[in-house]
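Asks: Sequence first, predicted coordinates after that:
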Amino acid sequence: MSGSQLNQAQYEAVYYRGGPMLVLAGAGSGKTRVITERIAALVERDVPHDAITAVTFTNKAAKEMRERLFKRLGDAAKSLRICTFHALGLSMVREHAELLERKSNVSIFSGSEQKSAMRSVLTDMRLPSDADQVDRLLGRVSLLKNGLLDVEENNLTIVREAYDALLTRMNAVDFDDLMLLPIRLLSSHRDVQALWQARCRHLLVDEYQDSSRVQYAFIHLLVESKGNLTVVGDDDQSIYGWRGAEIKNLFQLEEDFPSLHTVRLEENYRSTHSILTAANTLIANNGERLGKTLRSNLGQGKPVRIWESPNGDEEGHRIAADIKARKAVAEAKGWDDFCVLYRASFLSRPIEIALRAASIPYHVSGGLSFFDRAEIQDTLAYLRLMGNPADDLAFMRAIARPRRGVGAKALSLLGEFAWKQECSLFEACLHDDLEHRLSHTLREFGEMVSGIEHLLIHGEPDDAFDALLERTQLEAAIRAEAADEDEAERRMNNVMELRRWWLRHREDGGDLASFLHHVFLASSKDDDDPEGQVRLMTVHAAKGLEFDHVYIIGVEDGLFPHKNALEENRLEEERRLMYVAMTRARYRLTMTYVRVRSRYGTKEKTTPSLFLNEPDQSVLRWVDKDVNSEEAKEEIDDAMAIFKAIAEKAKKNAR
DNA sequence: CTGCAGTGACTTTTT
DNA sequence: GTCACTGCAG
């Protein structure tokens, strides 16, 4: 964003002191700057740090905010409470754990642990426990927990209770609990509520349009109707409705906070006028919105290009050629000035192939996360077990890797014993009364883990981690299970990355429990900011980012807007998604569609998306339909420029 | 418990 | 067309 002066609307949003405020922040309107400046203003006004809380949805946003405040305020920023909703929930759970039948070293169950827990519940209840049922019930329990399921299903309630009880027994919570337990806490303990209301005397919420019903309830418990609540959001960028985000939370604020003051940030510092006009006139077709028109500061710019290609392969090659051309004519400095966006991830493949063929470096965002890798899960299983001995799932994963000959049979006997003794599986291993064919193996395992735990707590951080890899024979197992030397190296590198995190965390004075919490709440993609590569990602993943050159591919009927979304009556959300995609572009925006789209090995005839017809056509150039246009001529000039550039390079190489 | 072959699904996914 | 998961045989 240009300049250091705040514009009038930004100034108002930063310094307003009259209570609840809604900041409607359009794309590229300096939203993060407004939030950080507002926090800085509070600090400079001598509001105690402990009375300020800022919540975001992603770690990335929280991190960015913290970094900016650090630059702005120096070390004073350290003591500010800036975190995600879930991290805030976790700190409440930890602080008041005893009121929730938990301990402060509580485990956080995500994905696979939730599945294991649910599978175990269903098996115990003698219900079908195949993967489909586990997924279905987890989904329904989650809906139930989030108040999104009205039907009274007796069975479901019982399953939920059993699932919750199991998690409680293992001193664990799932992601839903990180919001629900704090809500329970705040609504049933006045003193706790008063404590946190004081800590949220100034509460700022980012990306408010993504909040769910539960998060709304959470916010309400933290701020009274005249409180200093600042919510920043953009109804036009609400794209997570399918996941429970309720855009109406934004519309409803006025009712719940009658003195609500609304500020609109409509000055855009990102995109050219052409791009904004296209985006504005597209989103104007939505009925459910508060209304906002972005104004550009950057001049007219190039028209938005629309390309037709015969098929996906051609679409890819053409984009690859164009990227080279833009770079050759110095419209871009580096590969990372380019981004290719798509509605569905299967569209990335032909683009990848084309970029590779053109020797253009690229990076696909999303995909497997660091923490989903088997070697990381295995290593973490040991750490989790040491961090929370009640975590039976961690125990089961740890004892199975590497193989110790302890199979399902031995585990179920151990489970029975633990049940009778009312202890965890891990404690059962070390129990004096344990009599079992494998009790020697189990005891040895228990003592080994205890020994490493002792090192982790009292020893040197690096020794402890190495002991973990060595004494458990994890490293040997990881290497043995790898298909080849390269894979073994890669896997161990991942583990070493985890080791570095652990060392850094210990240097900062953190303990094992906080390390695990950090790891489980950290998004896998925190550090994924690859430099010098063309970025490929879904539109959802692109929210909050910006690029000089953006290509939106697959802008076809049935794909974008997506057929399933239309069936579920979510055309407006699809339009917002397109709006988000378009407003990522700073300088040049290109939208492409194909005549024949290959999918599942079949070829389907397609028609261009209605989202290409809705924008003001005067800022669009349908290049293929208008070969004599200025833009088409320009393209030819650009193509000539690449040929020249390539020829020159070839000459240089020849010398 | 492991490895392979057959089967089915395929929109987006923070924490 | 590809991948991931299931189920059966070894």
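Replies: Looks like it arrived, so ask away. For clarity, every value in this text was computed on a predicted model and none was experimentally measured.
Asks: which is the next helix or strand following the strand or helix carrying residue A:249?
Replies: Residue A:249 is located in helix A:248-256, with elements delineated by DSSP states H and E. Using DSSP H and E, the helix or strand that follows helix A:248-256 in sequence is strand A:261-265.
Asks: Partner strands of that following strand and their direction?
Replies: Strand pairing for strand A:261-265, using DSSP bridges, gives strand A:21-25 (parallel).
Asks: same for the very next helix or strand once past the strand it pairs with, what does it pack against?
Replies: Per DSSP H and E, strand A:21-25 leads on to helix A:31-44 as the next helix or strand towards the C-terminus. On a contact count with 3 or more Cβ pairs under 8 Å, 6 or more residues apart in numbering; DSSP states H and E, helix A:31-44 meets helix A:8-15, strand A:21-25, strand A:52-56, helix A:59-73, strand A:202-205, strand A:228-233. All C-beta spots, glycine's among them, are computed from the backbone N, C-alpha and C.
Asks: ok, 6 Å please
Replies: helix A:8-15, helix A:59-73 (3 or more Cβ pairs under 6 Å, 6 or more residues apart in numbering; DSSP states H and E).
Asks: what's the spacing between stretch A:299-310 and its chain's center?
Replies: Distance of stretch A:299-310 from the chain centroid (Cα atoms, centre = their mean, to the nearest Å) equals 30 Å.
Asks: for stretch A:611-622, same thing?
Replies: The chain centroid and the centroid of stretch A:611-622 are separated by 32 Å under Cα atoms, centre = their mean.
Asks: before we move on, what about stretch A:549-559?
Replies: For stretch A:549-559, the separation from the chain centroid amounts to 22 Å (computed by Cα atoms, centre = their mean).
Asks: likewise stretch A:189-199?
Replies: Centroid displacement of stretch A:189-199 relative to its chain, using Cα atoms, centre = their mean, is 29 Å.
Asks: State the pLDDT value of the closest residue to DNA strand B within the stretch 351-500 of chain A.
Replies: Here the stretch 351-500 of chain A gets closest to DNA strand B at one residue, residue A:407, 3.2 Å apart by Cβ to the nearest atom of the strand. Looking at residue A:407, its pLDDT stands at 70.
Asks: Any idea how many residues pack against it?
Replies: Close neighbours of residue A:407, defined as other Cβ atoms under 10 Å, add up to 12.
Asks: any idea how far it lies from residue A:414?
Replies: Distance, residue A:407 to residue A:414, by Cβ to Cβ, to the nearest Å: 11 Å.
Asks: What of residue A:373?
Replies: For residue A:373, the distance to residue A:414 - Cβ to Cβ - is 28 Å.
Asks: now swap in residue A:432 and tell me
Replies: Applying Cβ to Cβ, the value for residue A:432 to residue A:414 is 15 Å.
Asks: How about residue A:570?
Replies: Distance check for residue A:570 against residue A:414: by Cβ to Cβ, it reads 48 Å.
Asks: So those two - more neighbours on which side?
Replies: Neighbour tally, residue A:570 and residue A:414, criterion other Cβ under 10 Å: the higher count belongs to residue A:414, 25 against 17.
Asks: partners of the longest strand along chain A, with directions?
Replies: Counting by DSSP state E, the longest strand found in chain A is strand A:585-599. Here strand A:585-599 has these sheet partners by DSSP bridges: strand A:304-311 (parallel), strand A:547-552 (parallel), strand A:602-605 (antiparallel).
Asks: DNA strand C: which of the ones you listed is closest?
Replies: Between DNA strand C and the strands paired with strand A:585-599, the tightest spacing by Cβ to the nearest atom of the strand is seen for strand A:602-605, at 7.9 Å.
Asks: pLDDT on the helix or strand that comes right after that closest one, on average?
Replies: The first helix or strand that comes after strand A:602-605 along the chain, using DSSP H and E, is strand A:620-622. Here strand A:620-622 scores 88 as its mean pLDDT.
Asks: Remind me what strand A:620-622 packs against, helices and strands.
Replies: Applying 3+ Cβ pairs under 6 Å, 6+ apart, we find strand A:620-622 packed against strand A:304-311.
Asks: What are the buried residues along the strand it packs on?
Replies: Residues of strand A:304-311 classed as buried by neighbour count (16 or more other Cβ atoms under 10 Å): A:304-309.
Asks: Quick check: which element contains residue A:495?
Replies: Assigned by DSSP H and E, residue A:495 belongs to helix A:485-507.
Asks: Now do the buried residues in that helix.
Replies: By neighbour count on 16+ other Cβ under 10 Å, the buried set for helix A:485-507 is A:488, A:491-492, A:494-495, A:498-499, A:502, A:505-506.
Asks: burial count for the residue lying closest to residue A:95 once chain neighbours are set aside?
Replies: In space, and not counting its chain neighbours, residue A:95 is closest to residue A:104: 7.6 Å by Cβ to Cβ, 6 or more residues apart in numbering. The tally of other residues near residue A:104 (other Cβ under 10 Å) stands at 16.
Asks: Would you mind listing what in chain A touches DNA strand C?
Replies: Neighbours of DNA strand C within chain A, by Cβ under 7 Å from any atom of the strand: A:130-131, A:600-601.
Asks: Now, those that are in helices?
Replies: When DSSP state H is applied, these are split such that residue A:131 fall in helices.
Asks: Mind telling me the two of the residues of chain A next to DNA strand C farthest from one another?
Replies: The span of the residues of chain A next to DNA strand C, defined through Cβ to Cβ, is set by A:130 and A:601 at 27.9 Å.
Asks: For those two, indicate the residue with more neighbours.
Replies: Set side by side, residue A:130 and residue A:601 show more neighbours around residue A:130, with 10 against 5, by other Cβ under 10 Å.
Asks: How much space separates the more buried one from residue A:409?
Replies: Distance, residue A:130 to residue A:409, using Cβ to Cβ: 21 Å.
Asks: what's the answer for residue A:266, then?
Replies: According to Cβ to Cβ, residue A:266 stands 67 Å off from residue A:409.
Asks: Which one of the two is surrounded by more residues?
Replies: residue A:266 (15 against 10).
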